[in-house]
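Trainee: Whatever this is, show me its structure:
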Amino acid sequence: MSPLCLGMTENWKLIPSAFDMGINFFFITTDMHWPAYEANRKGLKALFARRKAIRGEVVIAAACYPTQIEFMSEPFRELVAAISGLGHVDLFVAGGVYAADLLARTTALRKIADRLGGRAIGASFHDRQAALAASNYSMTDLCYVRYSPMYPGAQRDLFPQLRTPHPPLFNFKSTLGYRSHDELRAIIRDASLWYPNVTDYYRYALSRPEMAGLLFSVSRPGHLGELERALAKGGLTTEEEHHLEELAYRVRAAHQPGTGERTS
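Mentor: Got it, this is the predicted structure:
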């Protein structure tokens, strides 16, 4: 499984292109974001049509967001029916999990995965305490967690408390808070500042050794090459990480004046 997991895209041709670059991990929703993933479904169909054996070379993560246990199974079946050649889901993901429903949803999801021939289960978290519990007690086989310069709180209440070993952590919303160079210049008038590129936000996420990979989105072919070249540079330095966090704080303060607080 590649450390890069390709999520939403507007161009179906990027799915086969990503596979040719060595990315074999793909994320797709089964329900609430269904229309936004039309290109992903078309791209996966095209990929599986190349040759029958190719299905065994990729890992498909499918997310289901309903919290009612009785409605969690059917969306996965509908996804399999909608994509020719898919056959099965590899990683069953509970979307938007919080501490209050962590146990019930992961227990139900494990049963669904066993029944439908899945290899593993995962969950995406906005609640870091839920992510910590899921990781430390092996309630899931993979956790999607949010970590970015705009939301660096995992440095305090997730990463230091993880047990070793723990399930792989994949980041999502890596670029949350990113602003273009022109937007930053309009907010922060300081010619001496380093204005980062969007790919530096991905590097920020992977600077943490706790992160096994990240969920990312692309909209044009050139983005894949840009990301590959950026990640080849390795993680950011501590100084660069702090710089991105400071920029994110100043962008947030400019849009929410008077808060006087840094987000977590």
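
Trainee: can you tell me the average pLDDT over stretch 143-153?
Mentor: Predicted confidence along stretch 143-153 averages 95 (mean pLDDT).

Trainee: let's number from 31 now, not from 1
Mentor: Got it, first residue is 31 now, which makes that one stretch 173-183.

Trainee: What residues does His63 make contact with?
Mentor: The contact partners of His63, by CB atoms under 8 Å, 6 or more residues apart in numbering, come to Met38. In this view, the C-beta of every residue, glycine as well, is placed from N, C-alpha and C.

Trainee: Next one: it from Gly117, what distance?
Mentor: Look at His63 and Gly117: by CB to CB, to the nearest Å, they are 22 Å apart.

Trainee: ok, which stretches of this protein are strands?
Mentor: In chain order, the chain shows strands spanning 34-39, 55-59, 89-94, 121-127, 150-155, 172-176, 199-202, 241-248, with DSSP state E as the criterion.

Trainee: Which strands or helices does the fifth one pack on?
Mentor: Helices and strands touching strand 150-155, by 3 or more CB pairs under 8 Å, 6 or more residues apart in numbering; DSSP states H and E, are strand 121-127, helix 132-146, helix 158-166, strand 172-176.

Trainee: May I see those organised as TSV, with distance to Leu77 added?
Mentor: Shown next, in TSV, are the helices and strands packed on strand 150-155 (distance: least, CB to CB, whole Å):
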stretch	distance to Leu77
strand 121-127	17
helix 132-146	21
helix 158-166	30
strand 172-176	21
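
Trainee: ok so, going back, which one of the strands of the chain lies nearest to Arg186?
Mentor: Nearest to Arg186 among the strands of the chain is strand 172-176; the distance by CB to CB comes to 13.3 Å.

Trainee: Summarise which helices and strands that closest one is packed against.
Mentor: Helices and strands touching strand 172-176, as assessed by 3+ CB pairs under 8 Å, 6+ apart, comprise strand 121-127, strand 150-155, helix 158-166, strand 199-202.

Trainee: who does the shortest one pair up with?
Mentor: So the one you mean is strand 199-202. Taking DSSP bridges as the criterion, strand 199-202 sits next to strand 172-176 (parallel), strand 241-248 (parallel) in its sheet.

Trainee: do you know which of the ones you listed lies nearest Ile84?
Mentor: When those are ranked by proximity to Ile84, the top entry is strand 241-248, at 20.3 Å, counting by CB to CB.

Trainee: now the closest one, how far from the centre of its chain.
Mentor: 5 Å (CA atoms, centre = their mean, to the nearest Å).

Trainee: so which of the helices and strands packed on strand 172-176 gets nearest Ser178?
Mentor: In terms of CB to CB, the element of these nearest to Ser178 is strand 199-202, at 7.9 Å.

Trainee: Count the residues that sit near Gly252.
Mentor: Counted with other CB atoms under 10 Å, the burial measure for Gly252 works out to 9 neighbours.

Trainee: quick one: contacts of stretch 90-108?
Mentor: 35, 55-62, 74, 109, 116, 119-126, 131, 134-135, 138-139, 142, 145-146, 152, 154, 172.

Trainee: rerun that using 7 Å as the cut-off
Mentor: Stretch 90-108 has contacts (CB atoms under 7 Å, 6 or more residues apart in numbering) with 35, 56-62, 109, 116, 119-126, 131, 134-135, 138-139, 142, 146, 152, 154.

Trainee: Then stretch 148-168?
Mentor: Stretch 148-168 is contacted from outside by 91, 93, 118-129, 132, 136, 139-140, 143, 169-176, 183-184, 187-188, 191-193, 196-197, 202, using CB under 7 Å, 6+ apart.
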